[in-house]
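Peer 1: kindly return the folded structure for what I paste below:
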Amino acid sequence: MTNVEKPSTPSEVQTETGPLSQDAAALIGTGHEGTVADQFRGYAQRVKGGEMGSLPALAGLVVLGILFTSLDSTFFTKPNIANLLTQTAALMMLSMALTFVILIAEIDLSAGVTGGSAVAIWVLLVNQHSWNWVLALLVALLCAATLGLFIGVFVAKVGVPSFVVTLGLFLGLQGFMLVLLGGSGAYRVQTQAVSDIMNKSMAVWAGWAMLAVIVVGSLLTGLYDRRRRQAAGVATRPIALLWLRVAAWIVAGGFIVSLLSQDRSTGVFPIEGVPIVVPIALGILWIGQTVLDRTRFGLHVFAVGGNPEAARRAGINVARVRIVCFMTCSSLAVLSGLFTASQVGIVQATLGRDIVLSGVGAAVIGGVSLFGGRGRLSQAAVGALLISMITNGLGLLGLSAGTKFVVTGAVLLLAVAVDSISRKGRASSGRA
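Peer 2: Okay, the predicted model is just below:
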């Protein structure tokens, strides 16, 4: 590996996840990878400095999982685990959509109804005009992307705050859906392929094949990143960490797939296999995460979110980045609306109206910073799972919808407080 010049201070050394401890920095400054212990000490330092990422949300998942399992024996059962995964899908997709906007320190209050409006157009084209459902979905995505373009131009070119623009669309699109579908109108989802997304499971062998693809993909991606960084003379993490990550996928993924591969039906016909929506959601998560982590556009997104003026002086087209982020958000919101329509079986004028705030909450709870420049799509997915777990667990306990909102709101406030405190900690240590 090509040697790199040793920096004047250990804190200047960066790995794939941030600065290392003093001992590890000294080793890597001479071209050494350091040890696994160095990496964990570096991670502990970053957490102490305020860079907690999705750690609080992951801790919340563990604590709530244990709590709900102890309070209701049906929580950690095969049917409920499958139900929890499908419940999470729509919120997870919307939270990932909103992450693209939150990363540039903006907001999109209209994302939910944008997705709902696009799905309403889709169902009318399919049901009333007999369009092919795939072609109709492409038209719906195009309509949503156009709305995202509209928002982006107003924000980036005209200078109107995103809160104002998207609030206006949030109200206007609800009226559009009432006109389009009628005040009490509802259209049944007649496309079997779409209905199956949230209500059917893959074959058992397909679930294991999905896990194999994830494990191999994780391994190959890790090896590719190491080779690329070594070729550039940049420090890499010990390869033992890669093997630990792959092992974690095998153990955790194998447990989930094994659990869902068993018959969870209470009737005559067996129900087994991973829900169809799971590989779809994971595939979109992988694509989006790859775009943010490994492309020039992703680098520009974080630069604009961190300091737009510095990004502009570095030659980044800040307006274009903002416009593309809003277009991406609106397009992914369509899939969230489609998942919801698939689950409930109908499309009505209220589709997407109530989910947007939960989407923002999921992203923030998962570790995406409201101040922009920090966060990952996987963190938004973790936050969505946490909110869905709260809703699912409290529902099993027979608590009211009001209690669910109170608990979710309290968790959101806690997450925002943690984000603010973490930001102050990074600023005081000179790492903001």
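
Peer 1: the stretch 301-432 of the chain: strands as residue ranges?
Peer 2: 346-348 (DSSP state E, counting those that start in this stretch).

Peer 1: to clarify, my last question referred to the stretch 1-150 of the chain.
Peer 2: 14-15, 18-19.

Peer 1: residues touching Leu259, list them.
Peer 2: The contact partners of Leu259, by Cβ atoms under 8 Å, 6 or more residues apart in numbering, come to Lys78, Ile81. All C-beta atoms are positioned from the backbone trio N, CA, C, and that covers glycine.

Peer 1: surely it is within a strand?
Peer 2: No: Leu259 is assigned helix when assessed by DSSP: H, G, I helix; E, B strand; the rest coil, not a strand.

Peer 1: pLDDT score for it?
Peer 2: On the pLDDT scale, Leu259 is placed at 92.

Peer 1: excluding covalently adjacent residues, which one is nearest to Ser162?
Peer 2: Glu106 (4.2 Å; Cβ to Cβ, 6 or more residues apart in numbering).

Peer 1: oops, could you answer that again for Ala333 instead?
Peer 2: Ala333's closest residue in space is Gly115 (Cβ to Cβ, 6+ apart), at 3.4 Å.

Peer 1: pretty sure that neighbour sits against Phe339.
Peer 2: No: the pair Gly115 / Phe339 is not scored as a contact, 9.3 Å apart, by Cβ atoms under 8 Å.

Peer 1: who has more neighbours, the two?
Peer 2: Gly115 (36 against 26; other Cβ atoms under 10 Å).

Peer 1: what's the distance between the more buried one and Thr391?
Peer 2: Per Cβ to Cβ, to the nearest Å, Gly115 is found 19 Å from Thr391.

Peer 1: where does this structure have low pLDDT?
Peer 2: 1-34, 36, 43, 47-50, 183-184, 419, 422-432 (pLDDT under 70).

Peer 1: dump the residue contacts of the closest residue in space to Arg188 that isn't next to it in sequence.
Peer 2: Counting by Cβ to Cβ, 6+ apart, Ile346 is the residue found nearest to Arg188 once chain neighbours are left out, at 5.5 Å. By Cβ under 8 Å, 6+ apart, Ile346 lies in contact with Ala186, Tyr187, Arg188, Val189.

Peer 1: next: Phe150.
Peer 2: Phe150 sits in contact with Leu169, where contact means Cβ under 8 Å, 6+ apart.

Peer 1: and Glu272, backbone torsions?
Peer 2: The phi/psi pair for Glu272 (degrees, to the nearest 10) reads phi -150, psi 160.

Peer 1: on the three-state scheme, the residue nearest to it when sequence neighbours are not counted is what?
Peer 2: Nearest non-adjacent residue to Glu272, counting by Cβ to Cβ, 6+ apart: Asp263, 5.0 Å away. Assigned state for Asp263: coil (three-state reduction, three-state DSSP).

Peer 1: for the residue nearest to Ala333, what are its contacts?
Peer 2: So Gly115 contacts Leu94, Ala97, Ala144, Ser330, Ala333, Val334, Leu335, Ser336, Gly337, Leu338, Leu351, Gly352 (Cβ under 8 Å, 6+ apart).

Peer 1: now, which of these lie within helices?
Peer 2: Leu94, Ala97, Ala144, Ser330, Ala333, Val334, Leu335, Ser336, Gly337, Leu338 (DSSP state H).

Peer 1: which one of these sits closest to Glu272?
Peer 2: Closest approach between the ones in helices among the contacts of Gly115 and Glu272, by Cβ to Cβ: Leu338, at 24.8 Å.

Peer 1: for the residue lying closest to Arg353 once chain neighbours are set aside, give its distance to Tyr224.
Peer 2: Spatial nearest neighbour of Arg353, chain neighbours left out: Val113 (5.9 Å); criterion: Cβ to Cβ, 6+ apart. Using Cβ to Cβ, we find Val113 at a distance of 40 Å from Tyr224.

Peer 1: same deal with Asn199?
Peer 2: 37 Å.

Peer 1: the two: who's more crowded?
Peer 2: Relative neighbour count places Asn199 above the other of Asn199 and Tyr224, with 15 against 11, counting by other Cβ under 10 Å.

Peer 1: what lies in contact with stretch 200-214?
Peer 2: With Cβ under 8 Å, 6+ apart, stretch 200-214 has contacts from 82, 249-250, 253-254, 257, 260-261, 271-276, 278-279, 282.

Peer 1: that older thread, can you pull the contacts of the residue nearest to Glu272?
Peer 2: By Cβ under 8 Å, 6+ apart, Asp263 lies in contact with Pro270, Ile271, Glu272.

Peer 1: which residues sit in contact with the nearest residue to Asp293 once chain neighbours are set aside?
Peer 2: Leaving aside its sequence neighbours, Asp293 sits nearest to Arg376 (Cβ to Cβ, 6+ apart; 7.8 Å). Going by Cβ under 8 Å, 6+ apart, Arg376 touches Gly53, Ser54, Thr99, Gln289, Leu292, Asp293, Gly367, Val368.

Peer 1: quick revisit: wait, doesn't the residue nearest to Ser162 sit right on Val318?
Peer 2: No: the pair Glu106 / Val318 is not scored as a contact, 11.6 Å apart, by Cβ under 8 Å.

Peer 1: looking at the two, which one has more neighbours?
Peer 2: Set Glu106 next to Val318 and count neighbours by other Cβ under 10 Å: Glu106 wins out with 25 against 17.
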